[in-house]
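S.K.: Below are the sequence and a predicted model; questions follow.
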Amino acid sequence: MLRTDDLQLFVLTADLGSISAAARELGLSPALASVALKRLEQQLNTVLILRSTRSLRLTSAGVVYLEYARQAIQLLGQGQQLLQLGKEQLSGELTLSVPSDFGRNNLVLWLAEFQQQHPKLQLKIRVSDRLADLGRQPVDLVLRYGEPKDSQLVAMPLVPDNHRVLCASPEYIRRVGAPERPEDLGSHQVLQLVLGDAVHSKWQFWLDGQLQQVQVRGALVADDGDVVRRWAAAGLGIAYKSRLDILSDLRSGALVKLLPDYQTEQAPLYLLAVQRLSSSPVLKALSEFLVQKLRLYWQG
């Protein structure tokens, strides 16, 4: 069986160009280092390094094997880090702000599961579509749609390929019909969401690389994405929603995708944090947990 320390010595020798230098780096004598390299070559049944009193160079087999040895050491190190992370008792208090629709219907349950895995950690969750100001409000982490605008924040993409979907309920389509082109939205009841301080009234569509922007105006407007989704599912109009928000409705048939030939606006989901949390074990563990949850949910 190959020994990890022999692989480390081989990689370090190749990087430093010297068995003696690699031995010093690992706290070994040159004699022990030579024995370890010979042991590795015997186990592989091939010569990895040609050595003389004045020079050292890798054989062709050594060049090929070096990259595999390097990758093996990196993978073993990553595995050790994950095991160590699992043993760490994450603790402290963390306040998160999550979007109302996907937050209320999915994220809050996932975050509760994460807290149960780390019982010494206290999570405070704020559900709102209002973008929290991490510099002024007592919020540590924010999950939000859209490209981050504040370069002072640590931004982790969780679902970079999320996008908006034009949708309506089957009942609405039976009663009113479905638009065939974006400009047809002018004759439909549209359901609008307040983003920030303004109503999201300019809906964008692309066909064959050509942008078409439609100015919409509806009688129903809300500052809560969950409200807009519920209106759409109730047959009250057409919504332009994040795919993550309505994914379960699309799969169940409660909502139907409209204008399928058109590309729609990107709405990547990001995890945002203040700089002081960039190296936090909690942030690392939480982001990895959410990425795994979201990948499974996205793929269905």
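M.R.: That came through, no problem. Since we're looking at a predicted model, the values are computed, not measured. Numbers count the residues shown, from 1 in each chain.

S.K.: Look at residue 49 and say how many residues are nearby.
M.R.: Neighbourhood size, residue 49 [other Cβ atoms under 10 Å]: 20. In this view, the C-beta of every residue, glycine as well, is placed from N, C-alpha and C.

S.K.: Now do the same contact list for it.
M.R.: 10, 13-14, 19, 37, 41, 56-59, 62 (Cβ atoms under 8 Å, 6 or more residues apart in numbering).

S.K.: give me that answer again for 6 Å
M.R.: By Cβ atoms under 6 Å, 6 or more residues apart in numbering, the contact list for residue 49 reads 58, 62.

S.K.: ditto for residue 110
M.R.: Counted by Cβ under 6 Å, 6+ apart, residue 110 has contacts residue 293.

S.K.: now do 8 Å
M.R.: Residue 110 makes contacts with 289-290, 293, as judged by Cβ under 8 Å, 6+ apart.

S.K.: before we move on, what about residue 232?
M.R.: Applying Cβ under 8 Å, 6+ apart, we find residue 232 in contact with 167-169, 172, 191, 238-239, 241, 246, 255.

S.K.: try 6 Å this time
M.R.: Neighbouring residues of residue 232 by Cβ under 6 Å, 6+ apart: 191, 239.

S.K.: ok, back up a step: adding pLDDT and secondary structure, write the contacts of residue 110 out as CSV.
M.R.: Output for the contacts of residue 110, formatted as CSV (pLDDT from 0 to 100; DSSP: H, G, I helix; E, B strand; the rest coil):
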residue, pLDDT, secondary structure
289, 93, helix
290, 93, helix
293, 93, helix
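
S.K.: which among those residues gets closest to residue 224?
M.R.: Taking Cβ to Cβ as the measure, residue 290 is the one of the contacts of residue 110 closest to residue 224, at 22.0 Å.

S.K.: For that closest one, which non-adjacent residue is closest in space?
M.R.: residue 158 (5.7 Å; Cβ to Cβ, 6 or more residues apart in numbering).

S.K.: Return the distance of the one you found relative to residue 144.
M.R.: Going from residue 158 to residue 144 by Cβ to Cβ, to the nearest Å gives 10 Å.
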